[in-house]
Structure formats: structure tokens, C-alpha cells
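**Student:** the sequence isn't on hand, but the structure is:
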């Protein structure tokens, strides 16, 4: 497996991942993603900002994650200081054909690598309350549940916030 920064050429493959996971999310009652979000324009902006990472398996884009410093204003609902620097993982997904191979964990490890490179000790992520897969994954990777929030741009949905504190070098 290879983790690398995405390019605009990767966007069709990233959208194929989204099209593969959205029906599975919906079937599980997770309405976090739909036909509108995330879209190619969001991923193109991530590429332009140098914050979209892909995981390749045998030359095939199998997973994606935006590794950013963008914190949702809603994070303040769990008592987080959103002016404090943090690496935040958004839009993480693994193509269903590649599930169970550690791809999401590898992308989350890349977030830690980015945090260390930037000397940022906090990592944060949120997930829909209906996303059982990520709720099992994040604690295994050392993330602590901080609480539940709402997000203005996803009305009617609830999200769980997780945080990981890295050791200072």
C-alpha cells in the first residue's frame, strides 16, 4: 500500500469510492453523505490546498482522506478550543472492495505523520452517530470520544467527536 498526495487525475477514482460507499452508508442508516456531498468540487479544492491523500493498492486508488487544519465551529460544543491548532481528518473513505485491509488506519496514520511534521499535537475527527465502523476504528487508534455535536451544514444529523493527543517530541 502506498499513501500519497492526490492529484486532480485522482478525482474520478475518488468519486468512484464515494459512489461505492454511499449506498452502504445509507443501508446502515448513516445519512452523513449523499448525492450532493462530498462532490468532485470539494475534492478538487482539497487537491488545490494540498490536503487530499489517497491510498493505493497495486496501483488502484482504494481509499481517500482530507487531512486538514479545518475545524468545524460545532466542535466547540464538546469544549474544544477551535482556535488551538489541530489536524482534522475529513472525508475519509475506503472503497468497499478494499475494506478490512487496514486502509483507513493507514490514512489515519498519515494524519499523525502530517501532525508531527507540522508540530501539531492534537488530532481530531468527527463521524455520524450511525457510523458503527468508524466508532470501532477510532478508539483502536488511540482516539478518545469527546462528545456529541450537531453541524449547521448537516441539519438533523448528530456527530461524535474524537481526539488524539500526540506526545511532544
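**Tutor:** That came through fine. None of the values given here were measured: they were computed from a predicted structure.

**Student:** which residues does the closest residue to residue 4 other than its chain neighbours contact?
**Tutor:** Nearest residue to residue 4, sequence neighbours excluded (Cβ to Cβ, 6 or more residues apart in numbering): residue 54, at 6.3 Å. Where C-beta positions appear, they are placed from N, C-alpha and C, glycine not excepted. Residues near residue 54 by Cβ atoms under 8 Å, 6 or more residues apart in numbering: 3-6, 10, 13-14, 61, 63-64.

**Student:** try it again with 6 Å
**Tutor:** 6, 10, 61, 64 (Cβ atoms under 6 Å, 6 or more residues apart in numbering).

**Student:** same question for residue 113.
**Tutor:** Residue 113 neighbours (Cβ under 6 Å, 6+ apart): none.

**Student:** so which strand or helix has it?
**Tutor:** helix 103-117 (DSSP states H and E).

**Student:** what does the longest helix out of those in the chain contact?
**Tutor:** Ranked by number of residues, the top helix in the chain under DSSP state H is helix 11-27. Here helix 11-27 makes contact (Cβ under 6 Å, 6+ apart) with 33, 40, 43, 61, 64, 93, 95-96.

**Student:** now, those residues that are in strands?
**Tutor:** 61, 64, 93 (DSSP state E).

**Student:** could you identify which of those has the most neighbours?
**Tutor:** Neighbour counts for those peak at residue 64, which has 28 neighbours (criterion: other Cβ atoms under 10 Å).

**Student:** ok so, going back, just checking, the residue nearest to residue 4 is part of a strand?
**Tutor:** Yes: with DSSP: H, G, I helix; E, B strand; the rest coil as the criterion, residue 54 is assigned to a strand.

**Student:** any idea of the pLDDT on it?
**Tutor:** Per-residue pLDDT puts residue 54 at 98.

**Student:** bridge partners for it, pull those for me.
**Tutor:** residue 4, residue 64 (DSSP bridges).

**Student:** can you offset everything so residue one is 50?
**Tutor:** Okay, using 50 as the starting number, the last item reads as residue 103.
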